[in-house]
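Asker: Need a 3D model of the following:
(chains A, B, C and D)
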There are 4 protein chains.
Amino acid sequence: MQIDSLSPEACAERVRALMYADDKAAQHLGMVVASRGPGEATVRMRVLEFMTNGHHICHGGYIFLLADTAFAYSCNSYNQRTVAAGAMIDFIASAQLGEELLAEAREVSRGRRSGVYDVRVTGPGNRLIAVFRGRSATIKGEFFSLAPPGTEDHTP
Amino acid sequence: MQIDSLSPEACAERVRALMYADDKAAQHLGMVVASRGPGEATVRMRVLEFMTNGHHICHGGYIFLLADTAFAYSCNSYNQRTVAAGAMIDFIASAQLGEELLAEAREVSRGRRSGVYDVRVTGPGNRLIAVFRGRSATIKGEFFSLAPPGTEDHTP
Amino acid sequence: MQIDSLSPEACAERVRALMYADDKAAQHLGMVVASRGPGEATVRMRVLEFMTNGHHICHGGYIFLLADTAFAYSCNSYNQRTVAAGAMIDFIASAQLGEELLAEAREVSRGRRSGVYDVRVTGPGNRLIAVFRGRSATIKGEFFSLAPPGTEDHTP
Amino acid sequence: MQIDSLSPEACAERVRALMYADDKAAQHLGMVVASRGPGEATVRMRVLEFMTNGHHICHGGYIFLLADTAFAYSCNSYNQRTVAAGAMIDFIASAQLGEELLAEAREVSRGRRSGVYDVRVTGPGNRLIAVFRGRSATIKGEFFSLAPPGTEDHTP
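Answerer: Prediction:
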């Protein structure tokens, strides 16, 4: 796909749509991903039966998965492909079966080769479930191409 | 369940069996958990279609889930309940659709209130996929009770 | 020292003063510590010659030391003794010889046994140098005692 | 400085010597740095009065500084300049005034752009004080040049 120009917000939204179409992991978990402009994204996920360990508590790994997804959509929002180099999570409170969780990612720092992103995961009543910090690494490639100047398609 | 006494290895194996019976998350992902004695455990998982994002690469969150599970079985292996307080993962190489991954957890340190555990995740050919470090927090409760001396069941 | 009652802000300031009097590490490095109320603190430090590695760049370890100090004053500000269980730092930009650095710590979460604190380290012009996240563990003891009701000292 | 060829061990030792000559931070703290070949290094440091906070306990920041130094000598040992992108430390036990601490760094992974290194810090009697994990980022430059073939100096 090749387009002429985009605002940063429209670019982030276009990346989100293209990423999500291929993101079987996010789809399988029923995640709802929203772009919030460059460097930001939110993801919602409900805690389902298969995500629990004993006692109807959400497995920490699924909370990580949720936060990691918000991180991925945030750091890729500039249409420059990035991957996760590493991440750290601190678990604050448990999440229960049936609860809807919200992950909100924001950019802390973005350099040419790497970036740092923070994600807060909350449950009902804005209860803090976990905090996550991810480090991204820029790789080659983009999600879509902008047309170089003078190459716009003027076919009627 | 109440029993008389156990070797550390038998205790770890009994905890593993009791935890796994309730662990819907591990079961759902087809994880095979093996005890390796006190403070150690291994978990195997195959990368399935629903774990991938674009390009048939395993989502990092599922690699975390695998490592986190090995961590959980390791730190609970003493029959003293523990939970994850936090964890950090560094992603080294990608894992492909269909590959079987192995997570090996070992204890770095174990105190009265908290412990530190390291997990290596490898793919075919012992290729290093990720390294994970988890911090556990001891909570109240155990998985099974040992009979106090003199209370053994002597029914014929 | 035994006193009657204190506002949270006065409590934090009293802890800061008592901690600093014993804090040879902070004194040696010329750190200026300010309380910002419960769960918050700031620390200033100038990059001196002995803190540099080659090329007049501040050794990352001293940036950690600065952030860790802000963390310590924040998590102890309730007059309940805490220690650092662990910490993570991401280095964003280098700090130069002679620059004054500012570390600002704030509380992310505080539980009965542990807490999470974030610290931003900035240089001149609000340039982001590093982000730090620390996990605290509560231990026994406090910095000063409040008088139980009815035991106030009424000597003229 | 330009030389012909070196074994990996000799290369690591040459880098160590060149780094240490400029490393005012390590010198100031009395650190003794030893190369252990490519990707490995050890550093010894005694806990001095100015490194303590109250109660004659070594400030955690100095333990980080020690570990971070071992990390730096390890990841630079190939004569390709690297810097610390981030690091995580878990504190296991306290270190006392007067104790000699040993940091041992080893390579976990080394890629073209980044690497992961583990450091153990121990005190007398091999007591575990802290574990540290650092992520390195490769930058431009080297510590010394190898002569290109045919340019060796044959002056008698």
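
Asker: Settle this for me: A:Cys58 is touching A:Val47, isn't it.
Answerer: Yes - between A:Cys58 and A:Val47 there is a contact under C-beta atoms under 8 Å: 4.5 Å. For every residue, glycine as well, the C-beta is placed using N, CA and C.

Asker: What lies in contact with stretch A:49-56?
Answerer: Stretch A:49-56 has contacts (C-beta atoms under 8 Å, 6 or more residues apart in numbering or on different chains) with A:29, A:58-59, A:62, A:96-97, B:19, B:22-26, B:28, B:72.

Asker: and A:Ala84, what does it touch?
Answerer: Applying C-beta under 8 Å, 6+ apart, we find A:Ala84 in contact with A:Asp68, A:Phe71, A:Ala72, A:Gly134, A:Arg135, A:Ser136, A:Ala137, B:Gly60, B:Phe91.

Asker: hang on, A:Arg113 packs against A:Thr138?
Answerer: Yes - contact criterion C-beta under 8 Å: A:Arg113 and A:Thr138 qualify, at 5.4 Å.

Asker: re the thing from before, who wins for most neighbours among the contacts of A:Ala84?
Answerer: Counting neighbours by other C-beta atoms under 10 Å in any protein chain shown, the top entry in the contacts of A:Ala84 is A:Phe71, with 30 neighbours.

Asker: looking at this, that residue is in a helix?
Answerer: Yes - under DSSP: H, G, I helix; E, B strand; the rest coil, A:Phe71 falls within a helix.

Asker: burial count for A:Arg113?
Answerer: Neighbours of A:Arg113 (other C-beta under 10 Å): 16.

Asker: Likewise for A:Gly37?
Answerer: A:Gly37: 15 surrounding residues under other C-beta under 10 Å.

Asker: All the strands of chain A, residue numbers only.
Answerer: Under the criterion DSSP state E, chain A contains strands at A:2-3, A:32-35, A:41-46, A:52-53, A:57-58, A:82-91, A:100-110, A:114-123, A:127-138, A:145-146.

Asker: Lowest average pLDDT across those strands?
Answerer: Mean pLDDT values for the strands of chain A show the minimum at strand A:2-3, a mean of 60.

Asker: Quick check: which of the strands of chain A is nearest to B:Thr122?
Answerer: Minimum separation from B:Thr122 across the strands of chain A (C-beta to C-beta) falls at strand A:82-91, 17.2 Å.

Asker: What pairs with that closest one, parallel or antiparallel?
Answerer: When sheet partners are counted by DSSP bridges, strand A:82-91 sits next to strand A:127-138 (antiparallel), strand B:82-91 (antiparallel).

Asker: what about A:Glu104, how many neighbours?
Answerer: A count of neighbours around A:Glu104, defined by other C-beta under 10 Å, yields 18.

Asker: Beta-bridge partners for it, please?
Answerer: In this entry, A:Glu104 is beta-bridged to A:Thr42, A:Arg120, by DSSP bridges.

Asker: if you skip the residues just before and after it, what's nearest to A:Ala67?
Answerer: Closest residue in space to A:Ala67, ignoring its immediate chain neighbours: A:Phe132 at 3.7 Å, by C-beta to C-beta, 6 or more residues apart in numbering or on different chains.

Asker: same check, this time on A:Val108
Answerer: Leaving out its chain neighbours, the residue that sits closest to A:Val108 by C-beta to C-beta, 6+ apart is A:Val116, at 4.2 Å.

Asker: Let me know whether A:Arg110 touches A:Gly39 as I believe.
Answerer: Yes - if you go by C-beta under 8 Å, A:Arg110 and A:Gly39 touch, sitting 6.6 Å apart.
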